[in-house]
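> Next come a sequence and a model predicted from it.
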Amino acid sequence: AERERLEYFGSAEGMEDLWRYCQGERRSVLEVLTDFPSARPPLERLLEAVPRLQPRLFSISSGPSSRPGRCQLTVAVVEWKTKYGLERKGLCTKWLAGGGRGAR
């Protein structure tokens, strides 16, 4: 089934469905690789396909005297559903909410 789907996506008839699958649903590279476990792209190609992360800007919500040498951030976790019902969370806010290194 996986091979047939890939062949279909690579055909002229499957071009619109391929666009909808990738762009319309805004799937990540990880999601595509999960859907097609036989795909084993070389690391160089994988790095070319992964978009560069944009800087995330946050405001510091503590004053310098409240905790010398440390700062506190106030962050709202970004969550949404795509028009196809796929759940999404903001990359950085999800990491911070999960107690990422230095997030405490």
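Good, I have the coordinates.

> Identify the residue nearest the geometric centre of the chain.
For the chain, the residue nearest the mean C-alpha position is S28 (5.4 Å; C-alpha atoms, centre = their mean).

> So it versus R88, what's the distance?
9 Å (C-beta to C-beta, to the nearest Å). (Each C-beta comes from the backbone N, C-alpha and C, glycine too.)

> So which bits of the worst-scoring helix or strand of the chain on mean pLDDT are buried?
Least confident helix or strand of the chain, by mean pLDDT, DSSP states H and E, is helix 91-97 with a mean of 82. Buried residues in helix 91-97, counted by 16 or more other C-beta atoms under 10 Å: C92, T93, L96, A97.

> now the second one: how far from A12?
Computed with C-beta to C-beta, the distance linking T93 and A12 is 41 Å.

> need the contact list for E4.
Under the criterion of C-beta atoms under 8 Å, 6 or more residues apart in numbering, the contact list for E4 is empty.

> For the residue of the chain most remote from its centre, give me the pLDDT.
The outermost residue of the chain, judged against the average C-alpha position, is S65 (36.3 Å), by C-alpha atoms, centre = their mean. S65 is assigned a pLDDT of 84 by the prediction.

> Any figure for the gap between it and F58?
Distance, S65 to F58, using C-beta to C-beta: 20 Å.

> swap in T34?
Distance from T34 to F58, by C-beta to C-beta: 30 Å.

> what is the rounded mean pLDDT of the host helix or strand of E4?
Secondary structure from DSSP states H and E places E4 in helix 2-9. Average pLDDT, helix 2-9: 93.

> And that helix, what's buried?
L6, F9.

> helix or strand right after it?
helix 15-19.

> Who are the packing partners of that next one?
helix 2-9 (3 or more C-beta pairs under 8 Å, 6 or more residues apart in numbering; DSSP states H and E).
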